[in-house]
Every structure is written in C-alpha cells, then in structure tokens.
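Participant: Next one to model:
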Amino acid sequence: MALLAVLPGCQTPGGGSARRVGEAWPTVAQPPPATRSATPAEPVPAAPPSAPQTASADDDIIAAVNGAPIRRGPLVDLLLAGHGPGMLEQMVVLQGARRLAADRGISVSQQDIDREYDRSIRQLVGSVTGADADALDPQAGRAILDGILLRRNISDREYRLAVERNAYLRKIVTAGLRITSDHLRREYDRVATDRVSIRHIELADPAQVARVRRLIEAGVPFGDLARLYSTNATTGQNGGTLEPFAADDPDVPALLREVAFALKDGETSNAVRIETAYHIVRRERLLPGRTESFETLRPELEQRLRDRLTAPAMQVLYRELYDGADISIYDPVLRDAVEQRHRTGASNPQPGRP
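Facilitator: Numbers count the residues shown, from 1 in each chain. As a prediction, this is how the structure comes out:
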C-alpha cells in the first residue's frame, strides 16, 4: 500500500524526501524485496455451521442498496484480501517497536508523535508538489495531505497509525546514533561546494522513453511521471528526487553528473543511458556552496547528518521488526492474501515514504 508504509514515511521512514544516489543506484534493475511469508499457526478448528441468516439479523447488515442488505462478512473479506497484508504489516511493526522501546527504556510521547506528523506532512507535500515544504503554512499542508490521502484511498486513521509507528522507529534509531567530528567535517566539505538538485525518471527501454517524453511535452508534472513510470523503486516514489550532489561526487555515475551540471534550472534532458537503464533528468536548481565557517554551520551539519542517517536506519529496523516477528494468521482470507503477496514478491510498505 504505499503511502507511508503507509506514508511517513520508509520514506522511510524519516529523513528528507530525497535519496542519496549512493543508496539509490545499487538498487537499479533489482527487484524489490519480497515480503516474508507470515507463518500461520496450526489450523483453527472450524466453528459449527450457524443457522442461515435472514434479513432480520440486523446486527450483520451494515448497509442496504435499494432495500437489498449488504452484510459485514463479504465486505470484511474484500477489505482483508485487498488491504489486509499491508495493514497487518504496519500493526506488526508498530507492536514490535513499542515493545523494543519499552525494553530499552525509551519513551515516546504524544509530542513526539505530533512532531512526526508535522514532519511527514512537510516531506510528503514537498515530494508530491515540489513546493518548499518548510515554508508551507501548516493548515495548507494539511489540506494538501487530505487531498493526497483521498486520492490514494488511505484513511486519516490509517495514516496516523503509520505516523505513530515512525515516531517509535525514529526515537529508537536516534537513541543509538553517534555522530563524530570526522562525520561533521566530511559533511562540511559536501556543503561547501556547488551542488545540483535534480529529479530523474529511470526507464527500461526506448518505447517507455518515448511515451514519457510525450507526456512531459504535454505538460504532465515530472514528479507525477516519476512516481508512475520510473523503474527505480528507491527514487520513483519520491517523484524522482535525489539529494543534491557535487560535480565530483563519487557516488553519482559520471554521465549523470555531466548531464545534471550541463542543464539549466528547470530544463529537462533527453534520455541518457547509464548501465542498463535509460534516464530522463530534470534539473531543479543549482545550490551554491556555503561560505560560512565550519563552527557556524556545525549545528546545521549535525542535524543534516542525523536526518540522512536516520532514514535508512529506520528502514533497516522496520524490516528487522517485521521479519523477526512470530506471526500467526488464523483468518483464511488474510492468510491467503499474505501468502499471495509473498509468492508474487510484492514490495511492502516502507517507513517514511508516500
């Protein structure tokens, strides 16, 4: 399901909406991780058949269409088959995170959850609209979020469940995070040189390139096309956004660096082939190197590092909590849906991401 895992959020979980190319590029052309199959417990003995229900069994009727009843059981089965595996995974991870936090003496307050909610709005709005989410009015951000959730058929209650889960993951991860002076010095070297911010759409063949190019020329937003068509699961879900990089960044393929710095702000490239895939690149803006001293920037550098290191660590913890859980599924519809997801290798919700 995808909005945060649902949303907030693999964009993890956490961190900024952009992804480092060093994290994103090794995933090119690799399939998403398969879901671990939840191990069912011993079959639960079937309950004795109940007497046929009649229209007078009002407790089982939850709606009616032109006088014809709609009963709870068929509707619940449809929901379990379609959304059950994703929701089960979220609840498993949240429960595991709560237990791990308690074991480590880590307290997660309502204030922590509220901060995570505000952070998730900034990240989601920024990745979907391209707007400066930090400068966005909170009320406007929530209105945009409501629209996104409505389009993606995600309830506010479901979203807030994922927000709470991310708050626990973040608190656990940051409690063990250690940032050294060497880390800060390397981060200072990164921000003291000119960097470029881009989006990209990764495609498998020339036919897909031609299709996406036509849509770009028709005025379809680049970020929407990245989410719809990019084969790079790491960056596509963020509208193709990569973290800004320098002209000599070793984590970025040389041809991508060359293309990105040759474009003008707002300009889109023709498709370029990098390894086995084609990439359409849009340059967002050039970020001049910072001129402040190391000591002046030190608090900002530390926060940037925390944000960047926390996101992947949250994703790792998310997977560990789910894969390490002892799950027994008694409902046959839910069990079949989980096993089907495992068989097809469908990707799971990730924290921090839409």
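Participant: And for stretch 280-298, what's in contact with it?
Facilitator: Identification of contacts with stretch 280-298 by CB atoms under 8 Å, 6 or more residues apart in numbering yields 130, 184-185, 188, 191-201, 203, 209, 212-213, 216, 222, 240, 244, 256, 259-260, 263-272, 301. C-beta here means a position set from N, CA and C on the backbone, and glycine is covered the same way.
Participant: ok, of those, which come out buried?
Facilitator: 184, 188, 191-192, 195-201, 203, 209, 212-213, 216, 222, 240, 244, 256, 259-260, 263, 269, 271-272, 301 (16 or more other CB atoms under 10 Å).
Participant: So which of those sit within strands?
Facilitator: Among these, the residues falling in strands (DSSP state E) are 195-201, 203, 272.
Participant: ok, which pair from those is furthest apart?
Facilitator: Greatest spacing in these, by CB to CB: 195 and 203 (25.1 Å).
Participant: Check whether residue 285 sits in a helix, strand or coil.
Facilitator: strand (DSSP: H, G, I helix; E, B strand; the rest coil).
Participant: any idea how far the closest residue to residue 184 other than its chain neighbours is from residue 182?
Facilitator: Spatially, and ignoring its direct neighbours in sequence, residue 184 is nearest to residue 301 (5.1 Å; CB to CB, 6 or more residues apart in numbering). Distance, residue 301 to residue 182, by CB to CB, to the nearest Å: 12 Å.
Participant: Show me which parts of stretch 271-287 are buried, residue by residue.
Facilitator: For stretch 271-287, by 16+ other CB under 10 Å, it's 271-272, 274, 277-284.
Participant: from the middle of its chain, how far away would the host helix or strand of residue 76 be?
Facilitator: Using DSSP states H and E, residue 76 sits in helix 72-103. Relative to the centre of its chain, helix 72-103 is centred 17 Å away, using CA atoms, centre = their mean, to the nearest Å.
Participant: So which residues of this structure form strands?
Facilitator: With DSSP E, the ranges of strands along the chain come out as 61-65, 68-71, 195-203, 245-246, 272-274, 277-287.
Participant: Return the last one as CSV; C-alpha atoms alone will do.
Facilitator: By that I understand strand 277-287. Output in CSV follows, covering the C-alpha atoms of strand 277-287 (Å, rounded to 0.1, in the frame of the first residue of the first chain):
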residue,chain,number,x,y,z
ALA,A,277,18.7,1.7,-18.0
TYR,A,278,17.6,5.0,-19.6
HIS,A,279,17.3,8.2,-17.6
ILE,A,280,15.4,11.4,-18.2
VAL,A,281,16.8,14.1,-16.0
ARG,A,282,15.3,17.4,-14.8
ARG,A,283,17.5,19.9,-13.1
GLU,A,284,15.7,21.7,-10.3
ARG,A,285,18.3,24.2,-9.2
LEU,A,286,21.9,24.8,-8.6
LEU,A,287,22.9,25.2,-4.9
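Participant: Also compute the angle for it relative to strand 195-203, please.
Facilitator: With axes from the mean of the first three to the mean of the last three CA atoms, to 10 degrees defining the directions, strand 277-287 sits at 160 degrees from strand 195-203.
Participant: domain assignment for this structure?
Facilitator: Using automatic domain parsing, the domains assigned to the chain come out as 1-44+86-188+311-354, 193-287.
Participant: mind giving me JSON lines with these and columns for distance to residue 65 and mean pLDDT?
Facilitator: As requested, the domains of the chain are exported to JSON lines (distance: least, CB to CB, whole Å; pLDDT from 0 to 100):
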{"stretch": "domain 1-44+86-188+311-354", "distance to residue 65": "20", "mean pLDDT": "75"}
{"stretch": "domain 193-287", "distance to residue 65": "34", "mean pLDDT": "93"}
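Participant: so which of those domains gets nearest residue 78?
Facilitator: domain 1-44+86-188+311-354 (8.8 Å).
Participant: Please produce CSV containing the strands of the chain, extended by distance to residue 163.
Facilitator: Putting the strands of the chain into CSV (distance: least, CB to CB, whole Å) gives the following:
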stretch, distance to residue 163
strand 61-65, 28
strand 68-71, 31
strand 195-203, 26
strand 245-246, 30
strand 272-274, 36
strand 277-287, 27
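Participant: Between those strands, which one is closest to residue 112.
Facilitator: Among the strands of the chain, the nearest to residue 112 by CB to CB is strand 195-203 (29.8 Å).
Participant: now for that closest one, which elements pack on it?
Facilitator: Helices and strands touching strand 195-203, by 3 or more CB pairs under 8 Å, 6 or more residues apart in numbering; DSSP states H and E, are helix 206-217, helix 222-229, helix 233-236, strand 245-246, helix 254-262, strand 277-287.
Participant: Can you tell me what sits against the fifth one?
Facilitator: Surrounding helix 254-262, the residues in contact under the criterion CB under 8 Å, 6+ apart are 21, 196, 198, 200, 245, 247-249, 269, 272, 274, 279, 281, 283.
Participant: name the helices or strands packed onto the helix holding residue 76?
Facilitator: Helix 72-103 is packed against strand 61-65, helix 156-175, helix 294-323, helix 332-344, with contacts defined by 3+ CB pairs under 8 Å, 6+ apart.
Participant: Quickly compare the ones you listed and say which is most buried.
Facilitator: Most buried of the helices and strands packed on helix 72-103, by mean neighbour count (mean count of other CB atoms under 10 Å): helix 156-175, with a mean of 22.
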